[in-house]
Each structure stands twice: as structure tokens, then as C-alpha cells.
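Engineer: The following comprises the amino acid sequence and a computationally predicted model.
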Amino acid sequence: MARFLSPLLRGTTYTRLLHLWVPMLVVSVWMFVDPRRPWLVALFVIPAGLVAGVRTGEGVQARWMLTPGEADPGFSIAPSVTWRDRLRTVVWLEVRLVLGASACFACVWALMATYTLVRLALGHPDGAVPLLGALSPHRSYALLVPLPLLVLYGAVVALGLVVTAAARALLGPSAAERLAALEERTERLLERTRIARELHDSIGHALTVAVVQAGAARTAGDPAFTARALEAIEETGRAALEDLERVLGVLREAEPPVGARPTLAEADRLLESARASGSVVDAELSGPLERVPGPVSRESYRILQEALTNVLRHAGPVPVRVRVGVEGDVLRLEVRNPLTARTAGSGRGSGLRGIRERAALLGGRAATGPDAGEWRVRAELPLGELPLGELPLRELPLGEPPLKELPLGS
């Protein structure tokens, strides 16, 4: 019984009833114009539904009165763009009129029937129950007084459910709006993925360098070496704080300063950081790196950063060979270090997967893994298809499966 009567305690039941009554205000005004033909209102709503802004008003009403409190009720509040949207709005207005008239009829009938049954039960002979005809006064009619109210209760709840379902079908987002919403949501997810990857690369690199430097300083027992290690930790930490502040700025602002991200012009900072950690770095940077397009230069910096971070994390201070050069319309990047037992199975981490994803998203390719007794990270990124200006880059979620490694040319 409590479950049956629970809609009486929900505010949604009454807001839906109010929503059903609103169209009858128009009908009541029309009754002063032509009381014999109230059905003409149904003709006047046709041109009204073709107005683009009407769909916005109907969507707002449906959102606040049919589904109050729901985070995503599924109603569009955008103006009509296509003729299909306009026709859906017209159909909705007609359906709303019919359902509103039904709700008003149910309310009027129930109240009149209840009032008449009460008078008959009290012995008044001047009563005729709507749809039932004239009845003689009798006390037993007191038992029937709740019946019209129950009918009204069922009609109000049922019509509320019907009008809500109709609104979802006719005022719901169009195909174009659903596509736009999906694209917006995808952009937000991709931006979050990019931020997560930036933090993984920059902060991970800084922490790895700090751990390696601190361990080396602790075991060296050389004050001069310890001073150099502390200086390297300080410099790396300062750079990491700058990266962290920049990434946090992306979260605060709608338009992040893309150009603030580090590029290959700052590759020496990475190389010196690796050298300060004890690695012997043989680096060769060739070609017009300053002319590399911004997106390629920034992503190449991150690829190099992740490759050096993995060397320090998994192999320690070992010799590293770095080759970065522009050959024609391709940027080639390669990092090699001796293959140890610790690096034998490191190709399945999210960092190396990120390297392959970054290369693929730029139209290039990358390979990571053992090669001739060494661990190799190699990437080829095209330059000719990219303008020298800023390009919006697509990103893949970190949860995507790793891209298939492709063989690279020598």
C-alpha cells in the first residue's frame, strides 16, 4: 500500500501535473475568442512549433517540471536547427495539448463526481454524477466518494509518465546534437589524458633523477660529488615545478598556452640531467632542429625525456647513446643503452606505450625493445605534412591497448 501511494509524496508528481495544465492556459484564453471551436488552438501551435526558439522553451520547461533534480534528463535546450527538429517540436506541442486536455478532463470529472457523491450521501437530491447520470440520494454513496479520487490519482500519475516519455522522444537531442556532445566529451577526456601524460613524463623524470642522484651521493662518500648531485636534484626539481605549474595552469584556463611546453631546443637540459645522474651520454643533435614544427618538437622532447627516464629507472647510470636529427622531411630520434636484466622486460610500461602513441598520433611510428644486445627506443616523425604553426593534436586514452610496433628503416 505504501508503494502504491508513494507518488503522492514525490514532488515530481505535482510538477508534472502543473506541466500538463500549462497548455490549458492558452486554451482558456482562446475560449474568450471562440468558445465553440477550442480545437482551433491545435492549428495555431503548428506555426509556433516551427519557430526555432520554441524548442528551447519547451526543453527548459520539460527539464524543470518533468524531471526536476535529474542531472541529465535527456532534453535538448538548444534551438531547432533542422526541419526535422522543427517538425518534432510541432508534434510535441500537439501531444502536449492532447495530454493536457486529458489531465484537465480527469481533474474536472473527479472533482465533480466527488462533490456530487458527497451531496447524494448527505441526502441532497439535486445531483448527477458525470458519465453516470442522475442518482437518488443514499448514505451508501459515501463509500464511493474515494473512487473518483483514486481514478484521478491514477490518471495524473499515468499521464505524467506518458508526457515524460513523449518529451524524451520528441525533445531529446537530435543526431547532430548528440554528435556535438560526444565530441565535446571526447575533447575533455583527451585533454585529461594529455595532462596525465604530461605529469607522468615530467614529474616521473624528475623523481627518477632525484632518486638516482640521492642514492649515488649516499654511496659515493665524496663531498664534491654530493654537492654536484644536490645541485642536479635542485635543478631537476625546479624544472619539474615549472612543468607542474604549467600543467595546473591548463586545468585553470580554458585556452592553455600550448607554446609553453618544452621543445627540442631544451633537449640539453635532459642530457645534462642524465649526465649528472652518472650516465655517460653520447649525444648527437643534427639538422635544423629549430625549424621542426612545434607539435613535433614538443612531442619529440617528451619521447626523449621518457626514454632517458627509463634508462635511469631500469638500468641505472649506464652509457647512453642519443641521436636526434632531421633528414629530409623526417625527424629521427634514437636512444640506446646496454641491455641489462632489469631492462629486459620494461617494454610493457605505460611510458613506452605513450612513446608509441605519441609517434602514431603525429603520423609517425616508433619501436621499443632489445636490439643487438642493447635496449633501443627509436622514433620517426614526419615533418612535411605538418605546418610550422600550432596544430591541435588528438590524444588517445591511457587505457588503450599499445600500438603495434612497426619496423623502422635504418
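Structural biologist: Noted; the coordinates are in hand.

Engineer: Now do the strands in this structure.
Structural biologist: 128-129, 133-134, 281-286, 320-327, 330-338, 365-371, 374-382 (DSSP state E).

Engineer: wait, which of the ones you listed is closest to I46?
Structural biologist: Evaluated with CB to CB, the strands of the chain place strand 128-129 nearest to I46, the distance being 37.5 Å. (C-beta placed from N, C-alpha, C; glycine too.)

Engineer: For S80, the count of nearby residues, please.
Structural biologist: A count of nearby residues for S80, using other CB atoms under 10 Å, gives 22.

Engineer: Looks like R86 contacts S80 (just checking).
Structural biologist: Yes - between R86 and S80 there is a contact under CB atoms under 8 Å: 4.6 Å.

Engineer: joint contacts of those two?
Structural biologist: Counting by CB atoms under 8 Å, 6 or more residues apart in numbering, the contacts common to R86 and S80 are 50, 52, 55.

Engineer: pLDDT score assigned to V163?
Structural biologist: Looking at V163, its pLDDT is 94.

Engineer: dump the residue contacts of the closest residue to it other than its chain neighbours.
Structural biologist: Leaving aside its chain neighbours, V163 sits nearest to L99 (5.0 Å; criterion: CB to CB, 6 or more residues apart in numbering). Contacts for L99 (CB under 8 Å, 6+ apart) come out as 20, 159, 162-163, 166.

Engineer: Restricted to helices, list those residues.
Structural biologist: Applying DSSP state H to the contacts of L99, the entries found in helices are 20, 159, 162-163, 166.

Engineer: domain assignment for this protein?
Structural biologist: Taking automatic domain parsing as the reference, the chain has its domains at 2-173, 186-382.

Engineer: pLDDT on the longest one, on average?
Structural biologist: To tie it back to what came earlier, the one meant is domain 186-382. 78.

Engineer: Helices along this protein, start to end?
Structural biologist: Counting by DSSP H, the helices of the chain are 2-5, 11-33, 41-49, 52-61, 83-121, 146-170, 175-220, 223-252, 267-276, 294-310, 350-361.

Engineer: Please compute how far the shortest one lies from its chain's middle.
Structural biologist: Spelled out, that is helix 2-5. Using CA atoms, centre = their mean, to the nearest Å, the mean C-alpha position of helix 2-5 is found 38 Å from that of the whole chain.

Engineer: and if you look at the fourth one?
Structural biologist: When distances are taken as CA atoms, centre = their mean, helix 52-61 is centred 24 Å away from the chain's centroid.

Engineer: Could you do the last one as well?
Structural biologist: Relative to the chain's own centre, helix 350-361 is displaced by 23 Å; criterion: CA atoms, centre = their mean.

Engineer: helices or strands next to it in the packing?
Structural biologist: Here helix 350-361 is seen to pack against helix 175-220, helix 294-310, strand 365-371, strand 374-382 when contacts are counted using 3 or more CB pairs under 8 Å, 6 or more residues apart in numbering; DSSP states H and E.

Engineer: okay, these, which one's buried deepest?
Structural biologist: For the helices and strands packed on helix 350-361, average neighbour numbers computed from mean count of other CB atoms under 10 Å are highest in helix 294-310, which has a mean of 24.

Engineer: one step back: which of the domains of the chain is buried the deepest?
Structural biologist: domain 186-382 (a mean of 18).

Engineer: Who are the contact partners of Q61?
Structural biologist: The contact partners of Q61, by CB under 8 Å, 6+ apart, come to 19, 22.

Engineer: just H19 next, same as before
Structural biologist: 61-62, 65-66, 163.

Engineer: how much space between it and R88?
Structural biologist: Distance from H19 to R88, counting by CB to CB, to the nearest Å: 18 Å.

Engineer: got it, and H124?
Structural biologist: 50 Å.

Engineer: again, but for A359
Structural biologist: Distance from A359 to R88, by CB to CB: 46 Å.

Engineer: what residues are up against the residue nearest to P23 when sequence neighbours are not counted?
Structural biologist: Spatial nearest neighbour of P23, chain neighbours left out: G100 (4.0 Å); criterion: CB to CB, 6+ apart. G100 sits next to 20-24, 27 when contact means CB under 8 Å, 6+ apart.

Engineer: which residues are in contact with stretch 222-237?
Structural biologist: Applying CB under 8 Å, 6+ apart, the contact partners of stretch 222-237 are 205-206, 209-210, 213-214, 216-217, 220, 273, 276-277.

Engineer: What residues are bridge-paired with the nearest residue to L352 once chain neighbours are set aside?
Structural biologist: Leaving out its chain neighbours, the residue that sits closest to L352 by CB to CB, 6+ apart is T368, at 4.7 Å. On the basis of DSSP bridges, T368 is bridged to V377.

Engineer: close enough to count as contact, T368 and R376?
Structural biologist: Yes - using CB under 8 Å, T368 is in contact with R376, at 7.1 Å.

Engineer: can you give me the offset of stretch 93-102 from its chain's centre?
Structural biologist: Computed by CA atoms, centre = their mean, the chain-centroid distance of stretch 93-102 equals 36 Å.
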